[in-house]
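Enquirer: predicted model, plus sequence, below.
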Amino acid sequence: MLKLNVLIAGSTGYIGIQLVKLLIKHKYINIKYLCGNSSVGKKISFYDKSLSKNQLPKITKFNKKFLDNVDIIFTALPNGEAQEISNNLLKRNTLIDLAADFRLDDSNKYLKWYKLKHKSIKNINKSIYALPEIVGKKVKEYNILGCPGCYPTSILLPLIPLIKTKMIKSNNIVIDSKSGYSGAGRGVHKKYANKNLYESLSAYGIGLHRHNSEIEQELKKNSKNKIDFIFTPHLSPMFRGILSTLYIELKLGFTINKAHKMLKKFYKKDRFIKILNIDSLVSTNDVINTNYCNISLCRTRDKSKIIVLSAIDNLIKGGAGQAIQNMNMKFNFNKYEGLN
C-alpha cells in the first residue's frame, strides 16, 4: 500500500512533537512537511533530541501550496488558525484538528467560549466531533475531524454510555479533573513562573473552563434530558496525564454491578478502553505513553452513589494518539497501527 503524505502544522508544541513520534512508526504514513512559525529553518530534533536519528524535513512556514502534495493535515495550532487552513482544503485533503476549531457545532457558542469569531462557518457542518469510540465509522463521511479536548475525552468516555443507557440521574454530576502541565502548552512555564508550578496543585477555570462547552454539547446529543454538571480542572505538578473523578447518582433499580457490566459490554470491541474491576485504584502512571483510557467504578457509603475514575495520557489518548486513531478509521488502516 502506498504511503499517505502528511503535513503537521504546529509541529514543535507538546502535541506536535508527540504526533511526530507516533507517525514515524506508522507504516502507511510519510511526513512530508513540518510547519511552524518561530521555529522555521530548525530541525525538529532541536525540540526533542530523541528524533535526531530520524530523517525528517526541516521546519517550514505553512503555505497553502503544500496542500497539493499532501493527503492529511494535522493541525496542533492556537485556536482559530485551523479554520483558515480549512478554507483552502482540496478534495484530496483530510484535516484533523487537535485544537478547538471544529469541536463546537454552533459558531455562536464558539464565539462565547473562545472569544473568537469563527472564520470558516461553512465548514462546521462538514466536520465531526471525532471521539472515536463513540462516533466510530462516521468519521469516514467527513474530511474535517475535530478531535476532542483532553479533559472531555477522559470525562465523556465513561459518562456517555451511562447517560445513553439512562442508568444515572442527569442532575448534580460533579466532575473533578487533574492534568499534567503539558496540557497547558509550552507557555505554561512562563504563565506559572511565580506559582511554584512543579510542586503545587492549582485549580483554574472554575465554572468557566472552555471544555464545559463540548462536554455539555456531547452529553446533550446523547440524552433527551438536560444534563446538569459542575466541572473543575486542576493543574498538577506532573508533566503528563489526566485523572478525572466523577461523582454520580444511580437511578432507582440500578446498581454499580449493572453499570459495570454495561460499560464492559459497551466497550468490549475497543481495546483502548479498559474497564477495570469494581473499586480498582486508578493512576495516571498506568496509562502514560499509551493510547489507553482506564476506567474504574467505585462504591461509596451510599449505594445509590458511585465514583467513576478515568485516567488517560493527555498527549496521546487526549491528543496525538486519538487523532491517529481517527485517521486509522478514516483510511481503513488497522485501528491500532502506530499506537501499540
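Expert: It's in. The shown structure was predicted, so the numbers you read here are calculated from the model rather than taken from an experiment. Residues are numbered from 1 along each chain as shown.
Enquirer: okay, strands next: where are they in the stretch 101-250 of the chain?
Expert: Applying DSSP state E, counting those that start in this stretch to the stretch 101-250 of the chain gives strands spanning 127-129, 144-146, 173-180, 202-203, 229-236, 242-249.
Enquirer: give me the low-pLDDT residue ranges for the stretch 1-150 of the chain?
Expert: When residues are selected by pLDDT under 70, those of the stretch 1-150 of the chain lie in 1.
Enquirer: and Asn328, which of the three is it?
Expert: Here Asn328 is recorded as helix under DSSP: H, G, I helix; E, B strand; the rest coil.
Enquirer: wait, Lys3 sits on Tyr28?
Expert: Yes - counting by Cβ atoms under 8 Å, Tyr28 is a contact partner of Lys3 at 5.6 Å. In short, each C-beta sits where N, CA and C put it, glycine included.
Enquirer: could you check which of the two has the larger neighbour count?
Expert: Counted by other Cβ atoms under 10 Å, Lys3 and Tyr28 do not tie: Tyr28 has more neighbours, with 18 against 13.
Enquirer: the more buried one reaches Phe333, doesn't it?
Expert: Yes - assessed by Cβ under 8 Å, Tyr28 is found in contact with Phe333 at 5.6 Å.
Enquirer: report back the residue of the chain that's furthest from centre.
Expert: Within the chain, Gly253 marks the point farthest from the mean C-alpha position, 33.7 Å out by Cα atoms, centre = their mean.
Enquirer: name the SS class of it, please.
Expert: Under three-state DSSP, Gly253 falls in the coil class.
Enquirer: tell me the contacts of it?
Expert: Not one residue lies near Gly253 by Cβ atoms under 8 Å, 6 or more residues apart in numbering.
Enquirer: distance of it from Ser304?
Expert: Separation of Gly253 from Ser304 (Cβ to Cβ, to the nearest Å) stands at 10 Å.
Enquirer: quick check: which of the strands of the stretch 101-250 of the chain is buried the most?
Expert: For the strands of the stretch 101-250 of the chain, the largest average neighbour count (mean count of other Cβ atoms under 10 Å) is found in strand 144-146, namely a mean of 25.
Enquirer: tell me the domain ranges of the protein?
Expert: What automatic domain parsing lists as the domains of the chain is 4-147+318-330, 151-314.
Enquirer: mind checking how far the last one is from the chain centre?
Expert: When C-alpha coordinates are averaged (Cα atoms, centre = their mean, to the nearest Å), domain 151-314 and its chain have centres 13 Å apart.
Enquirer: next: stretch 319-330.
Expert: For stretch 319-330, the distance to the chain centre is 10 Å (Cα atoms, centre = their mean).
Enquirer: next, Leu23: phi, psi?
Expert: phi -70, psi -30 (degrees, to the nearest 10).
Enquirer: again with Lys53
Expert: phi -90, psi -10.
Enquirer: need the per-residue pLDDT for the residue lying closest to Lys191 once chain neighbours are set aside.
Expert: Nearest non-adjacent residue to Lys191, counting by Cβ to Cβ, 6 or more residues apart in numbering: Ala184, 7.2 Å away. Looking at Ala184, its pLDDT is 74.
Enquirer: can I assume Ala184 is in contact with Gly205?
Expert: No - proximity of Ala184 to Gly205 does not meet the contact threshold set by Cβ under 8 Å, at 10.5 Å.
Enquirer: okay, now Gln55: neighbour count?
Expert: Gln55 has 6 neighbours, counted by other Cβ under 10 Å.
Enquirer: can you start the count at 29 instead of 1 from here on
Expert: All set: I'll call the first residue 29, so the last point we hit is now Gln83.
Enquirer: then it would be within a helix, right?
Expert: No - assigned with three-state DSSP, Gln83 falls outside any helix and is coil.
Enquirer: any chance of the strands of the stretch 129-278 of the chain in CSV, plus distance to Pro85?
Expert: Formatted as CSV, those follow (distance: least, Cβ to Cβ, whole Å):
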stretch, distance to Pro85
strand 155-157, 27
strand 172-174, 23
strand 201-208, 29
strand 230-231, 38
strand 257-264, 34
strand 270-277, 32
